[in-house]
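Asker: Next come a sequence and a model predicted from it.
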Amino acid sequence: MDDTGNKESNKLKIEEENSDIKVQVWKYIFGFVEMAVVKCAIELKIGDVIESHGDSMTLSQLSSSLSCSPLLLHRILRFLVHRGIFKEEKSSKSYSHTPMSRLLTTTGPNSMAPIHLLESSPVMIAPWHNLSACVKANGHENGSQPFEMAHGMDLWTYAAANPSHSSLLNEGMACFARLFILPAVLERCGEIFDGVGCLVDVGGGNGTCLSILVKACPWIKGINFDLPHVVSVSKEYEGVQHVGGDMFDSVPKADAAFIMEVLHDWDDEECIKILRNCKEAIPEKTGKVIIVEIVIDEKEDQISKYSDVKLRMDMIMMAHTIKGKERTNEEWANLLQKAGFSYYTITPTTTIQSVIQAFP
Ligand SMILES: C[S@@+](CC[C@H](N)C(=O)[O-])C[C@H]1O[C@@H](n2cnc3c(N)ncnc32)[C@H](O)[C@@H]1O
Ligand SMILES: COc1ccc(-c2cc(=O)c3c(O)c(O)c(O)cc3o2)cc1
């Protein structure tokens, strides 16, 4: 092809790429719209009403049940149906559930509402506005945290001072444990709990995780260890003892320690302190620390369908803690070595987290 031909084909390629970019750019500019409209659907209880109706519902049935504008409701449902949240049956002009919309009911074992309402709450959105300032400020010593800039204290201090937010946080985390992580851990590596008589869940939240584990592994006696303001309002579960304390001081003794989605909230120095206290709590010869956390994919051949959400979680840690982060295999190895563990294994699961077992 002569020069003119090359120039023309390059011009076409750039135009094609540009037209694609001109479409892709909107998801960054208006990315918040999906979160906000799903939040609206949850607060309207659209999913709950369709579920309790037991079948599909027409727009007028829905709008009268929800006491809301049929015109606005139609436009919200049109937006949601377009992305597979609810289904419109053209013949009967009615709406029914899809697997994704079932996650948006406000109650029941499949509800993701608590974590969505947590992430979309003003308390958790506010820190994002401080991100760039904190990224700059942390270029030097003692930079501030986005959450602290927004609320005057860190996430956990705020939760201790605001019981309603603490409940939203704990219910949200429990959602993830119940719906995603525990099923994935038990499916892929349930044998890690064989022979464990007493298991302490460090930073276990409201005990949901242990309540599921002791049902699946009835030989386990669970100790749910978290801050006093968390365990003091936690529901009682058979086989689970709630213990309040500070993981930076000490961890209750057990055959094995379990710590899920906690270490990523903290920097290396704080993680080493927590891990050393976990190591102190277990038998030197037979004990282990079971860590459930994201392992960031570094190499091209590790990239998976979960790679994007893992990086999103790393950004959430930056916005909510600045000190916390998701870690790569190498970073986990470095942390565990500094905390005095002799060896570790990493087992991927069928969700975004992996199971890291650390042995004294
Ligand atoms: C992100 S949540 C994870 C909860 C639970 N492991 C899960 O995955 O659902 C982190 C937990 O660490 C707890 N936590 C924070 N600081 C703590 C401390 N100093 N001692 C004990 N627990 C703490 C919080 O109260 C919260 O329940
Ligand atoms: C799919 O499994 C999960 C996804 C996300 C999370 C999760 C863990 C956290 O620790 C966490 C957090 O600390 C936080 O401040 C936040 O806003 C969200 C969040 O999500 C767990 C499991």
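Answerer: Sure thing, it's come through. Ligands and ions are numbered 1, 2, ... in the order given.
Asker: what's the distance between the closest residue to Ile296 other than its chain neighbours and ligand 1?
Answerer: What sits nearest to Ile296 in space, not counting adjacent residues and going by CB to CB, 6 or more residues apart in numbering, is Thr328, at 4.6 Å. For the C-beta atoms, the positions are set from N, CA and C on the backbone; glycine is no exception. Using CB to the nearest ligand atom, to the nearest Å, Thr328 is found at 20 Å from ligand 1.
Asker: For Val25, see how far away Thr328 is.
Answerer: Distance, Thr328 to Val25, by CB to CB, to the nearest Å: 30 Å.
Asker: and what of Ile42?
Answerer: Taking CB to CB, one finds Ile42 at 28 Å from Val25.
Asker: Neighbour count for those two, which is higher?
Answerer: Comparing Ile42 with Val25 by other CB atoms under 10 Å, the one with more neighbours is Ile42, at 22 against 10.
Asker: Touching, the more buried one and Leu104? I think so.
Answerer: Yes. Counting by CB atoms under 8 Å, Ile42 does reach Leu104; the two are 5.3 Å apart.
Asker: Could I have the CA atoms of stretch 121-129 written out in PDB?
Answerer: Taking Å, rounded to 0.1, in the frame of the first residue of the first chain, the C-alpha atoms of stretch 121-129 are listed here in PDB:
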ATOM      1  CA  SER A 121     -23.900   6.300  52.100                       C
ATOM      2  CA  PRO A 122     -22.800  10.000  52.400                       C
ATOM      3  CA  VAL A 123     -20.300   8.900  55.100                       C
ATOM      4  CA  MET A 124     -18.500   6.500  52.700                       C
ATOM      5  CA  ILE A 125     -18.800   8.800  49.700                       C
ATOM      6  CA  ALA A 126     -17.500  11.900  51.300                       C
ATOM      7  CA  PRO A 127     -13.900  10.700  51.600                       C
ATOM      8  CA  TRP A 128     -13.500  10.200  47.900                       C
ATOM      9  CA  HIS A 129     -13.600  14.000  47.400                       C
END
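Asker: Next, give phi and psi for the residue nearest to Ile296.
Answerer: In terms of degrees, to the nearest 10, the main-chain angles of Thr328 are phi -80, psi 170.
Asker: Can you get me a residue count around it?
Answerer: 16.
Asker: Likewise for the one 5 residues further on?
Answerer: Per other CB under 10 Å, the neighbour tally for Ala333 reads 16.
Asker: what do you get for Ser64?
Answerer: Other residues near Ser64 number 12, with proximity taken as other CB under 10 Å.
Asker: And Asp201, by the same measure?
Answerer: For Asp201, the neighbour count with other CB under 10 Å is 26.
Asker: That one is in contact with Phe258, isn't it?
Answerer: Yes. Using CB under 8 Å, Asp201 is in contact with Phe258, at 4.8 Å.
Asker: Please state the offset of stretch 295-305 from the chain centre?
Answerer: 19 Å (CA atoms, centre = their mean, to the nearest Å).
Asker: For the stretch 251-360 of the chain, which residues are neighbours of ligand 1?
Answerer: 260-262, 265 (CB under 6 Å from any ligand atom).
Asker: if you look at those residues, which of them are in helices?
Answerer: Using DSSP state H, no member of these sits in helices.
Asker: among the residues you listed, which are within reach of ligand 2?
Answerer: Answer for those near ligand 2 (CB under 6 Å from any ligand atom): 261, 265.
Asker: which one of the residues of the stretch 251-360 of the chain next to ligand 1 has the most neighbours?
Answerer: Met260 (24 neighbours).
Asker: quick check: domain ranges of the chain?
Answerer: 2-103, 176-359 (the TED database).
Asker: wait, Phe359 sits on Tyr344?
Answerer: Yes. Using CB under 8 Å, Phe359 makes contact with Tyr344 at a distance of 6.8 Å.
Asker: how about the helix or strand that Ile316 is a member of against ligand 2, any contact?
Answerer: Per DSSP states H and E, Ile316 falls inside helix 307-320. Yes. On the criterion CB under 6 Å from any ligand atom, helix 307-320 is in touch with ligand 2 at 313, 316, 320.
Asker: Perfect, I'm done here.
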